[in-house]
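Undergrad: okay, sequence plus prediction incoming.
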Amino acid sequence: MRDFDLTTLRLFVAVCETGNMARAGDRANIVGSAISKRLAQLEDQVGTPLLLRKRHGVIPTPAGNTVLEHARGMLDGAARIARDMESYVAGTRGKVRVLASVSAMTESLAEDVAAFLHMPAHRTTQVDLEERISPEIVRGVREGLASLGVCWDAVDLGTLQSCPYRSDHLCVVVPQGHALAQRKRLRFEDTLGFEQVGLPVTSAVQQSLQRAAAELGHTLVNRIVVSNFEAALRVVSAGLAISLVPREVVGRKDAAHAVRIIQLAESWAERRFVVCFRDASELSPSAQSLVEHLVARAS
């Protein structure tokens, strides 16, 4: 199969997003007939129809949706290449892209990276951080979307290599005056009779809690589902539910005074994080230096 033309893919994405050749042409400053010709050539190239012509526009076929997903990824990659090269032209000597879990980002990673960049030897290095859930971090590093990933070590790393980073400790956070507020230690089972604040089902924390509950013959009762720990703390502070969050996060938030923090007496309450990468021997000097710095900071 011939190489895909990025201009054609960009036009295909525009047509799918606008649902109309003319509107896509206005966006790209090109006549609709030229777009139609390019997309017909793209369909010949892949060997299957990509667009379904309707009376007032077009919609992607199932094959078209697949191409649309890949096209967006390819265009995003091309845009990152352009941005990275602009950084080098501007004087940046090294660039490292890192995918990290919300826990790592919230607790320590941002400060550790900042300390790295403030060192004289790394003043011309650029580090880009992006928050992802752990499975997406592993996939992104494996597929080359980032040089490094920072995630929970319980996730399946597959063929990726890793170094130990930091750890955190899940605790139970309850509103002041709650029935559990006077307890100093709790088993996970003790929390299952109360409504909780949950995280998205794809998050590593939520999956581990659901698994632990199932092993006890229970299901989690999530009154509210939020996207991050800060939101969970706000819900607990309001007295709406309890939550299990890292102790390291609670101690850093203004909301800590409005809640009670109780130790979770489970072996799995301590979570260990790793820095993962495809192959240490293939890391750029900047990425290798960052890995060494993160491991040293953690120890």
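TA: In hand now; what should we look at?
Undergrad: how about the strands in the stretch 51-200 of the chain?
TA: 51-54, 57-60, 94-100, 125-131, 148-152, 161-175, 185-186, 196-198 (DSSP state E, counting those that start in this stretch).
Undergrad: ok, residues contacting the last one?
TA: The contact list for strand 196-198, computed with C-beta atoms under 8 Å, 6 or more residues apart in numbering, reads 206, 209, 220-226, 231-232, 235-236, 240-244. In short, each C-beta sits where N, CA and C put it, glycine included.
Undergrad: which of the strands of the stretch 51-200 of the chain is buried the deepest?
TA: Counting by mean count of other C-beta atoms under 10 Å, strand 148-152 has the highest mean neighbour count of the strands of the stretch 51-200 of the chain, with a mean of 27.
Undergrad: residues touching residue 57, list them.
TA: So residue 57 contacts 18-21 (C-beta under 8 Å, 6+ apart).
Undergrad: same check on residue 185?
TA: 262-265.
Undergrad: again with residue 294
TA: Shown in contact with residue 294 (C-beta under 8 Å, 6+ apart): 109, 112, 116, 150, 163, 165, 275.
Undergrad: checking residue 30 next. Helix, strand or coil?
TA: Classification of residue 30 using DSSP: H, G, I helix; E, B strand; the rest coil returns coil.
Undergrad: how deep is it tucked in, by neighbour count?
TA: Look at residue 30: counted by other C-beta atoms under 10 Å, it has 15 neighbours.
Undergrad: that one and residue 38, how far apart?
TA: 9 Å (C-beta to C-beta, to the nearest Å).
Undergrad: shared neighbours of these two, anything?
TA: Joint contacts of residue 30 and residue 38 (C-beta under 8 Å, 6+ apart) are residue 11.
Undergrad: before we move on, the earlier item: now list the buried members of the contacts of strand 196-198.
TA: Buried members of the contacts of strand 196-198, counted by 16 or more other C-beta atoms under 10 Å: 206, 209, 220, 222, 224-226, 232, 235-236, 241-244.
Undergrad: which of those fall within strands?
TA: Those of the buried ones among the contacts of strand 196-198 mapping onto strands are 222, 224-225, 243-244, per DSSP state E.
Undergrad: Throw those residues into a markdown table and include pLDDT and distance to residue 258, thanks.
TA: Shown next, in a markdown table, are those (pLDDT from 0 to 100; distance: C-beta to C-beta, whole Å):
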| residue | pLDDT | distance to residue 258 |
| --- | --- | --- |
| 222 | 91 | 21 |
| 224 | 93 | 17 |
| 225 | 93 | 21 |
| 243 | 95 | 13 |
| 244 | 94 | 17 |
